[in-house]
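>>> all I have is the shape, not the residue letters:
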């Protein structure tokens, strides 16, 4: 006697053609120091059925520089877009990177970065006076 209890198959709906799907589209640096590492990575997967090609990635200003894979991304494969923000500039961050690809559902994607760069205190900012050992104090 043979008995079949049942079987289930899960089929993921793939889009015909290339399709870009990012793990996240926004990065919040929070508060970071001036001169800190301003790099972040946006990981994506080609969830389509044909190779994905990113033809262009453009930052909203010269202080936001993206680097992206130039070779086609195979169906099911993952890669990343690296974004470097110039943290020499003090103040709030609210920038974007526009990704242009051959993705059938979304040929243009917008990645965002935000946060605040705070100034780092330097020795010249300190009101403390330094005493050199063996020196004679000078009064004004």
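Received the coordinates, thanks. These numbers come from a predicted model, not from an experiment.

>>> not counting the helix or strand harbouring residue 31 itself, show me its contacts.
Using DSSP states H and E, residue 31 sits in strand 26-33. Strand 26-33 has contacts (C-beta atoms under 8 Å, 6 or more residues apart in numbering) with 38, 40, 42, 83, 85, 87, 93, 111-118, 120. Every C-beta, even on glycine, is put in place using the N, C-alpha and C of the backbone.

>>> one more time with 6 Å, if that's ok
With contact meaning C-beta atoms under 6 Å, 6 or more residues apart in numbering, strand 26-33 is reached by 40, 112, 113, 114, 115, 116, 117, 118, 120.

>>> now, of the residues you listed, which are buried?
Neighbour-count burial (16 or more other C-beta atoms under 10 Å) is assigned, among the contacts of strand 26-33, to 40, 112, 113, 115, 117.

>>> any figure for the gap between the nearest residue to residue 35 once chain neighbours are set aside and residue 59?
With sequence-adjacent residues excluded and distances taken as C-beta to C-beta, 6 or more residues apart in numbering, residue 35 is closest to residue 87, at 5.8 Å. Separation of residue 87 from residue 59 (C-beta to C-beta, to the nearest Å): 14 Å.

>>> what's the answer for residue 77, then?
25 Å.

>>> between the two, which is the more surrounded one?
Summary of the neighbour comparison: residue 77 and residue 59, criterion other C-beta atoms under 10 Å, with residue 59 having more neighbours (18 against 13).

>>> the contacts of strand 26-33 in strands, which ones?
The members of the contacts of strand 26-33 that map onto strands under DSSP state E are 40, 112, 113, 114, 115, 116, 117, 118.
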